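Trainee: everything below, folded, please.
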Amino acid sequence: MNDEPLNSEGWSPKKPPPSGDGEAAPKPRRFWWRFVLASVLIVAISAATTATSVLLYIDSIAEAIAPQNNKIQKKLNRFLADADSGAPENFLLIGSDKRAGAEFVEDQGRSDTTMLIRIDPEKQLISMMSIPRDLKVEIPDVGTGKFNEAYFYGGTKLTLRVVKELTGLPINHVVNIDFLGFAQGVYAIGCVYTDVDRRYFHSNAGLAPSEEYAEINVTPGYQLMCGKQALDYVRYRHTDTDIVRSARQQEFLSAARSRISVKDIVLDQGDLIEAFTDYTTSDISDGKTLLEVLKLLAASRNATINEVHFPAELGPSFVYASEGAIEGAVEEFLGGESVKQAKAQAKTAKKQEKARAPKHLKQPKKKKKKPKIEIDKSGSDGLEPAREAGEAEAKIAARRAHGPFPIFYPTRLPPGTRFVESDPYEKVVDPWVYRLKDEEETKHLAYRMVLVDEEDDGSHYFGVQGIRGWSDPPILEDPSLTKTIKGREYEIFLDDENVKLIAWHRGDNTYWISNDVLRTLSNDQMVGMARSADVLIKKKKPKKKGRRHP
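Mentor: Model prediction:
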């Protein structure tokens, strides 16, 4: 972990071991392919390349994965849709505590995360949608139950059937990754820069066994997360709802996308066969299918990530979602089409593929529509004055910084929100002031102000981040649009049509305001808070003059 407090007011948790046994961290390149065929391969393509370079390795890789994946393909074959070359494909990603080499249905372990991922090279769109584990569903041959019970009773096959009936979507491929593979994979890609919304802390020390649950120790703010710590973060659910947890997982995978490229994968020629068989299972059991998936990923290397939030409502025992709400979410997942329209488009694409012009003739590219958001005048954004509270936070951050660092703070906030206070029990102070390493291992002073919306259910956290001397952190790559308002240039990042982050600079220093993971703050509120941001510059103390001797 790279956040180090600067004085006794702060606290730095010990760096967690890379695995439960406290083993040394694996060499960075060893576990590429364990992650590749799991969560990150599906969403992580960002560098320009093609799959041609891996042709020499495809046969040997396919031969190694065939024994275990052939079993899976036979069991799932009638439930999976054929994928046409170059057409959009839907992947079902299951995260479980199952060991990849275990039997496919017996001892299937527990399903913890289920996510749908759609890769659409034509629209240059990668959509992600998590299904809440406590969602009330009908499970074939079982009856009414929670969604994750499908995996318990029938493994991947039954989970796949429930997902298809629930969404109406054809599924082309299924990938199952166990948790150890996820943790090792995060190490393999050099860890992931993550914008952590709040403090996550729990210790079982002194608690009765009945009160114990998974320990976690993650401080707020932008940071580089590795292995077990990343796994703890994406799996945490004790004080979060299924909906919040799913959104947090999608955001982590979106951040992971910028840490890996097809070029890096292709150039890694070590331990590919072993790694394919260690931590993942899938229906991909031959070289041709594997190559088609790689081509699809390469064609979508610059695609926009669309994080679709499942339209669920919390109940006392279950999470609920109406048929109409699910249909709307599926339409968003498909990029604005219904399932019927998407199927018709796929048929049309197949016909066009057969009649396509020779490959050496370039096909005209569709221009991407530039996103637009309306900017309301200050005062019409529904925010309330909060200069006094914001300035008090800024003064604390400036005092803890122990050095010249302009501190920006919001002077207007949404009604019912407040700055999170320090909590001695969780051994963290607010605002959190720490040091952060960039990609060149240079340390930078940083601070995070955490805010919470108390008028809702108290689970919506957003924040103000500042980093000294780092002008281009990975989170600010490829803004959706830029706007200059009253002489300050803002970089605005959208999740679909919602502002998820708005950033600005002062010299080499970088600042931003992050929306909560469910994007509950409106665009007007996000822009309004950024516009209201004022700066506190700590004055240098005058040097004491010594007495002059006659």
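
Trainee: what strand or helix carries the closest residue to residue 472 other than its chain neighbours?
Mentor: Excluding the flanking residues, the one nearest residue 472 by C-beta to C-beta, 6 or more residues apart in numbering is residue 510, at 7.9 Å. Backbone N, C-alpha and C define where each C-beta goes, glycine included. Using DSSP states H and E, residue 510 sits in strand 509-514.

Trainee: please apply the same query to residue 396.
Mentor: Applying DSSP H and E, one finds residue 396 within helix 387-401.

Trainee: so which elements touch that helix?
Mentor: In terms of contacts (3 or more C-beta pairs under 8 Å, 6 or more residues apart in numbering; DSSP states H and E), helix 387-401 is packed against strand 407-409, strand 417-419, strand 432-437, strand 443-453, strand 534-536.

Trainee: hmm, back to that, ok, the residue nearest to residue 472 touching residue 503?
Mentor: Yes. Applying C-beta atoms under 8 Å, one finds residue 510 in contact with residue 503, separated by 6.5 Å.

Trainee: more neighbours: these two, which one.
Mentor: residue 510 (24 against 21; other C-beta atoms under 10 Å).

Trainee: now do the same contact list for that one.
Mentor: 466, 467, 470, 471, 472, 473, 476, 503 (C-beta atoms under 8 Å, 6 or more residues apart in numbering).

Trainee: one step back: pLDDT score assigned to the residue nearest to residue 472?
Mentor: Residue 510 carries a pLDDT value of 98.

Trainee: likewise the one 10 residues further on?
Mentor: Here, the pLDDT recorded for residue 520 equals 91.

Trainee: my read is it is in a helix, agree?
Mentor: No. Residue 520 is assigned coil when assessed by DSSP: H, G, I helix; E, B strand; the rest coil, not a helix.

Trainee: not counting sequence-adjacent ones, nearest residue to it?
Mentor: That would be residue 460: by C-beta to C-beta, 6+ apart, it lies 5.1 Å from residue 520.

Trainee: tally of neighbours for the one you found?
Mentor: 23.

Trainee: next one: the one 3 residues further on
Mentor: When neighbours are defined as other C-beta under 10 Å, residue 463 has 27 of them.

Trainee: and for residue 119?
Mentor: By other C-beta under 10 Å, neighbour count at residue 119 equals 24.

Trainee: residue 470 too?
Mentor: 21.

Trainee: now do the phi/psi pair for residue 95.
Mentor: phi -100, psi 120 (degrees, to the nearest 10).

Trainee: picking that back up, now the residue nearest to residue 520: how far from residue 158?
Mentor: 34 Å (C-beta to C-beta, to the nearest Å).

Trainee: next one: residue 338
Mentor: From residue 338 to residue 158 the distance is 26 Å (C-beta to C-beta).

Trainee: of the two, which one has the most company?
Mentor: More crowded of residue 338 and residue 158, by other C-beta under 10 Å: residue 158, with 21 against 14.

Trainee: average model confidence for stretch 224-231?
Mentor: 86.

Trainee: swap that for stretch 463-477, sorry
Mentor: On average, stretch 463-477 scores 95.

Trainee: show me which residues of that stretch are buried.
Mentor: For stretch 463-477, burial by neighbour count (16 or more other C-beta atoms under 10 Å) applies to 463, 464, 465, 466, 467, 468, 470, 473, 475, 476.

Trainee: which intervals of the stretch 151-300 of the chain have sub-threshold pLDDT?
Mentor: Confidence mapping of the stretch 151-300 of the chain against pLDDT under 70 gives the ranges 179-185, 187-189, 258-280, 285-288, 290-291, 294.

Trainee: quick one, strands of it?
Mentor: For the stretch 151-300 of the chain, the strands defined by DSSP state E, counting those that start in this stretch cover 173-178, 192-196, 200-202, 216-218, 221-225, 280-282.

Trainee: who wins for proximity to residue 141 among the ones you listed?
Mentor: Across the strands of the stretch 151-300 of the chain, residue 141 has its closest neighbour in strand 173-178 (19.5 Å, C-beta to C-beta).

Trainee: alpha carbons of that closest one, as PDB, please.
Mentor: What follows is strand 173-178, C-alpha atoms only, in PDB (Å, rounded to 0.1, in the frame of the first residue of the first chain):
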ATOM      1  CA  HIS A 173     -18.800 -17.500 -23.400                       C
ATOM      2  CA  VAL A 174     -18.500 -18.200 -19.700                       C
ATOM      3  CA  VAL A 175     -15.400 -17.600 -17.600                       C
ATOM      4  CA  ASN A 176     -15.000 -18.700 -14.000                       C
ATOM      5  CA  ILE A 177     -12.100 -17.300 -11.900                       C
ATOM      6  CA  ASP A 178     -11.300 -18.300  -8.400                       C
END
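
Trainee: all helices for the stretch 301-450 of the chain, in order.
Mentor: Remark: helices assigned in the stretch 301-450 of the chain by DSSP state H, counting those that start in this stretch are 323-333, 339-354, 387-401.

Trainee: rank those helices by mean pLDDT and give me the bottom one.
Mentor: Minimum mean pLDDT among the helices of the stretch 301-450 of the chain: helix 339-354, a mean of 62.

Trainee: for residue 122, phi and psi?
Mentor: Per degrees, to the nearest 10, the backbone of residue 122 is at phi -70, psi -40.

Trainee: which residue, neighbours along the chain excluded, lies closest to it?
Mentor: Counting by C-beta to C-beta, 6+ apart, the residue nearest residue 122 is residue 88, at 6.8 Å.

Trainee: who's in contact with residue 321?
Mentor: 135, 310, 311, 312, 313.

Trainee: neighbour-wise, which of those leads?
Mentor: residue 312 (24 neighbours).

Trainee: what's the separation between that residue and residue 509?
Mentor: From residue 312 to residue 509 the distance is 39 Å (C-beta to C-beta).
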